[in-house]
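>>> This is the structure alone, sequence omitted:
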C-alpha cells in the first residue's frame, strides 16, 4: 500500500512513542450474492450501492457486515443507531464489522466502530483479530489506529500466526511491517505452527528482512 500525499511516517511513529533507534501490510467465505458483486470499490454508482442495500434490508446483520466491508459509513452509522448490538455482530466465520473494515482498509468505518464500542479483541473461528486482518493486507493506517486503541500486538491465531508474521509474508507491506517492528512490547521471535519466526518468513517471502535491524538487539528476532 502507499501512504497518502504528505504522510510523514517518522512523525507518526514518534507521536506514538514507539521508535527504537538502533540501526539502520483472514479470509471469510462470502455468500453467493456478495461474490457476484466483487467489482472494485469506487467503480460502482451510488444507485448500485443503494440497490445492494435494498437487497439486504431484511437482514440487518448481513447489511452491517456488507456496509463495513464496502466503506458505507452512513449505512453503518444508521444501523448502529437503530440497533447498537450490530456493532459486534459477526458472520458464520466470526468476522465482525471491525474485521471487515480493517481487512479492507476503511479508516472512517474503523474509527466509528471503535468509538461505538467495537471489540478490538474479537476473534474469528480461526482466531484472527482485526489487527491480524489489517496486518495481512498491509493497511498501515488501520494497524496504527488499532494499536493506539489497545490491540494486542502479540496476539496469535489458532495457527500461532502473529500480526508481524502476516505482515512479513506480504511483499507489498513494508510500512506495516516497520510499524509493527517499532512496538516496544513486540515479541518478534514468536514462532508459528510451522516453527517459523516473522524474520524467517520475511527472508523466504519478501525483500524486507532488513527491516528487522530496527529491533533492539535484546529482542530475539531469530
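Perfect, thanks for sending it. Computed from a predicted structure; not experimentally measured. Numbers count the residues shown, from 1 in each chain.

>>> tell me the SS of the residue most central in space within the chain?
In the chain, the residue lying closest to the centroid (Cα atoms, centre = their mean) is residue 134, at 1.5 Å. Judged by DSSP: H, G, I helix; E, B strand; the rest coil, the three-state class of residue 134 is helix.

>>> Just give me the neighbour total for the spatially closest residue to residue 66 that is not a sequence neighbour.
Using Cβ to Cβ, 6 or more residues apart in numbering and skipping the chain neighbours, the partner closest in space to residue 66 is residue 56 (6.1 Å). Just so you know, the C-beta spots here come from the backbone N, C-alpha and C atoms, and that holds for glycine as well. By other Cβ atoms under 10 Å, 18 other residues sit near residue 56.

>>> ok, now residue 55?
Residue 55: 14 surrounding residues under other Cβ under 10 Å.

>>> What values do phi and psi take at it?
Dihedral angles of residue 55 (phi, psi; degrees, to the nearest 10) stand at phi -60, psi -30.

>>> how close does residue 56 sit to residue 99?
Noted for residue 56: a distance of 18 Å to residue 99, by Cβ to Cβ, to the nearest Å.

>>> what's the answer for residue 122, then?
For residue 122, the distance to residue 99 equals 7 Å [Cβ to Cβ].

>>> intersection of neighbour lists for the two?
90, 129, 130 (Cβ atoms under 8 Å, 6 or more residues apart in numbering).

>>> Quick one: residues contacting the last one.
Put plainly, it is residue 130. Counted by Cβ under 8 Å, 6+ apart, residue 130 has contacts 96, 98, 99, 102, 110, 120, 122, 146, 151.

>>> make it 6 Å
98, 99, 102, 146 (Cβ atoms under 6 Å, 6 or more residues apart in numbering).

>>> what sits against the second one?
Listed by Cβ under 6 Å, 6+ apart, the contact set of residue 99 reads 130, 133.

>>> Would you indicate which residues of stretch 181-198 are buried?
181, 182, 183, 186, 188, 190, 192, 196, 197, 198 (16 or more other Cβ atoms under 10 Å).

>>> my read: the residue nearest to residue 66 touches residue 64, true?
No. Residue 56 sits out of contact with residue 64 when judged by Cβ atoms under 6 Å, with a separation of 9.0 Å.

>>> Need the residues touching each of these two.
Counting by Cβ under 6 Å, 6+ apart, nothing touches both residue 56 and residue 64.

>>> Helices - which of the buried residues of stretch 181-198 land there?
181, 198 (DSSP state H).

>>> so can I have JSON lines of the buried residues of stretch 181-198 showing pLDDT and distance to residue 43?
Output for the buried residues of stretch 181-198, formatted as JSON lines (pLDDT from 0 to 100; distance: Cβ to Cβ, whole Å):
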{"residue": "181", "pLDDT": "96", "distance to residue 43": "35"}
{"residue": "182", "pLDDT": "94", "distance to residue 43": "36"}
{"residue": "183", "pLDDT": "95", "distance to residue 43": "36"}
{"residue": "186", "pLDDT": "97", "distance to residue 43": "38"}
{"residue": "188", "pLDDT": "96", "distance to residue 43": "39"}
{"residue": "190", "pLDDT": "98", "distance to residue 43": "40"}
{"residue": "192", "pLDDT": "97", "distance to residue 43": "36"}
{"residue": "196", "pLDDT": "97", "distance to residue 43": "38"}
{"residue": "197", "pLDDT": "97", "distance to residue 43": "40"}
{"residue": "198", "pLDDT": "98", "distance to residue 43": "35"}
